[in-house]
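[1] Can you look at this prediction? I've put the sequence above it.
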Protein chains: 2
Amino acid sequence: MSGATKGAASKDAVLDEAVLIAGRIGLSGLTIGMLATATGMSKSGLFAHFGSKETLQLQVLARSRDEFSDRVVRPALRAPRGETRVRALFEHWLAVSRDPGAPCLFPSAGMEYDDQPGVVRDQVVRDHTDFAEAVQQIFRTGVSEGEFRADADDVQFQHDLMGVMLGFFHSHRLLGEGDAEARARTAFEALIAGARAI
Amino acid sequence: MSGATKGAASKDAVLDEAVLIAGRIGLSGLTIGMLATATGMSKSGLFAHFGSKETLQLQVLARSRDEFSDRVVRPALRAPRGETRVRALFEHWLAVSRDPGAPCLFPSAGMEYDDQPGVVRDQVVRDHTDFAEAVQQIFRTGVSEGEFRADADDVQFQHDLMGVMLGFFHSHRLLGEGDAEARARTAFEALIAGARAI
């Protein structure tokens, strides 16, 4: 392994650790000092890697966004257009949300940063907007394939689905309710039924 | 003012400040040192008031729960039983969620503590469970008044409404979307339409 490759690999491992910590205590609580303690690396070494707490937080966010995209959006886009693709999006999103090893950074960063202006919040908003538009676009394939009503509202569907998933997170991860997934599925089926062409 | 009353008044003011800080940066980030800086009181005085960081967090949670109950649940219970009461619940909940001065501790504490076991998390779960049961009970007044279907599912309605409100929070407070409230109202009307007796 060249020195550069080794440096990249260890930075990757450190970022993985940082994503886990941020998933547990929140992104805004993540500091270079805390990461030094968790990884056994020196603070000066980590500063050399990341430069500042904000850069660290932005990189953790980028890593988390890439993982979400790889596990949810991209597999959905490989499914056939239309209702099948919307269902694939929902199933992959549920699977990631159920995974106890997957950090729940995506929804929690939204709650965390709503009252904290700055570059990290700006990036959280951009990431959520990109994802919202991807969901709307996936929904519209159902309209253009004629499976959903021509006047079905893609933005409303995306808002409603976001609500279903935030509700699932709340019920499953915080309250530990055994029927959280069944409740989310019932809500999802009602949204699909409301969108279907008659 | 007696010494005891004065002590209670100043503790109240300190708690108000603590609720605001926790609403901004998250409950788990709230410390006695930080509160000392914000209020200009001595750390030792605050320790005498609260004893520990955890007790402070529990008292902030209790204050926030009481305020939510006073502004949302109790006014709804004063409305006539049935759909009118469910609508009152939704309107008061929206009003609190829109209020930029009201700390959004209730939903954010849920996200924050889902991966952090301890007495504070236990209390967050109890508070959310109590509120969920209050929502179910309010919904059931619509069933017993014959306005909602006899087989309408009160637990599903409560899950769905929680999703609508978490979605509203996300869209309004994080993304600052101008149509957040209209989207939430559309989703609420769909839930009510689905529950109505035919």
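    It's in. Numbering: from 1, shown residues only, chains lettered A, B, ... in the order given.
[2] Taking helix B:105-113 as reference, get the angle to the helix or strand of chain A with the lowest mean pLDDT.
    Using mean pLDDT, DSSP states H and E, helix A:105-113 stands out as the lowest-scoring helix or strand of chain A, at a mean of 71. Interaxial angle of helix A:105-113 relative to helix B:105-113 (axes from the mean of the first three to the mean of the last three Cα atoms, to 10 degrees): 140 degrees.
[3] touching chain B at all, helix A:105-113?
    Yes. Legend: contact between helix A:105-113 and chain B by Cβ under 8 Å from any Cβ of the partner chain is shown at A:107-108, A:110-113. C-betas here are computed from N, CA, C, even on glycine.
[4] what about residue A:148, distance to residue B:72?
    Between residue A:148 and residue B:72 the computed distance is 35 Å (Cβ to Cβ, to the nearest Å).
[5] give me every residue that touches residue A:131.
    Under the criterion of Cβ atoms under 8 Å, 6 or more residues apart in numbering or on different chains, the contact partners of residue A:131 comprise A:68, A:73.
[6] Please, which helix or strand holds it?
    helix A:119-144 (DSSP states H and E).
[7] Past that helix, which element shows up next along the chain?
    Toward the C-terminus, helix A:119-144 is succeeded by helix A:154-169 as the next helix or strand (DSSP H and E).
[8] After that next one, which helix or strand is next?
    Next along the chain after helix A:154-169, taking DSSP H and E as the criterion, comes helix A:180-195.
[9] list the buried ones in that following helix?
    A:180, A:183-185, A:187-188, A:190-192, A:194-195 (16 or more other Cβ atoms under 10 Å in any protein chain shown).
[10] Could you restrict the residues you listed to the ones contacting chain B?
    Of the residues in these, proximity to chain B by Cβ under 8 Å from any Cβ holds for A:183-184, A:187, A:190, A:194.
[11] Closest to residue A:139 out of those residues?
    Comparing these against residue A:139 with Cβ to Cβ places residue A:194 closest, at 11.9 Å.
[12] what's the closest one in contact with, if anything?
    Residues A:152, B:190 are the ones in contact with residue A:194 under the rule Cβ under 8 Å, 6+ apart.
[13] again, but for residue A:156
    The neighbours of residue A:156, taking Cβ under 8 Å, 6+ apart as the test, are B:183, B:186-187.
[14] swap in residue A:26?
    With Cβ under 8 Å, 6+ apart as the criterion, the residues that contact residue A:26 are A:108-109, A:112, B:26, B:28-29, B:112.
[15] before we move on, what about residue A:18?
    Residues in contact with residue A:18 (Cβ under 8 Å, 6+ apart) are A:30, A:35, A:56, A:59-60, A:63.
[16] I'd like the next helix or strand past the host helix or strand of it.
    In this assignment (DSSP H and E), residue A:18 forms part of helix A:3-25. Following helix A:3-25 in sequence order, the next helix or strand is helix A:32-39 (DSSP H and E).
[17] what packs against that following helix?
    Based on contacts counted as 3 or more Cβ pairs under 8 Å, 6 or more residues apart in numbering or on different chains; DSSP states H and E, the elements that helix A:32-39 packs against are helix A:3-25, helix A:43-50, helix A:53-68.
[18] Columns mean pLDDT on top of those, output as CSV?
    Shown next, in CSV, are the helices and strands packed on helix A:32-39 (pLDDT from 0 to 100):
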stretch, mean pLDDT
helix A:3-25, 75
helix A:43-50, 88
helix A:53-68, 91
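[19] how much space is there between residue A:110 and residue B:59?
    Relative to residue B:59, residue A:110 is positioned 27 Å away (Cβ to Cβ).
[20] out of the two, which sits in the busier spot?
    When residue A:110 and residue B:59 are compared for neighbours, residue A:110 comes out ahead with 25 against 18, by other Cβ atoms under 10 Å in any protein chain shown.
[21] Might one say that the more buried one is in contact with residue B:171?
    No. With the criterion set as Cβ atoms under 8 Å, residue A:110 and residue B:171 do not qualify as a contacting pair; they are 9.8 Å apart.
[22] And for residue A:170, the neighbour number?
    The number of residues packed near residue A:170 is 24, by other Cβ under 10 Å.
[23] pLDDT weak spots in chain A?
    Residues of chain A that meet the criterion pLDDT under 70 lie in A:1-9, A:101-104, A:106-107.
[24] 80 instead, please
    Counting by pLDDT under 80, chain A has low-confidence residues at A:1-11, A:24-26, A:29, A:100-116, A:198.
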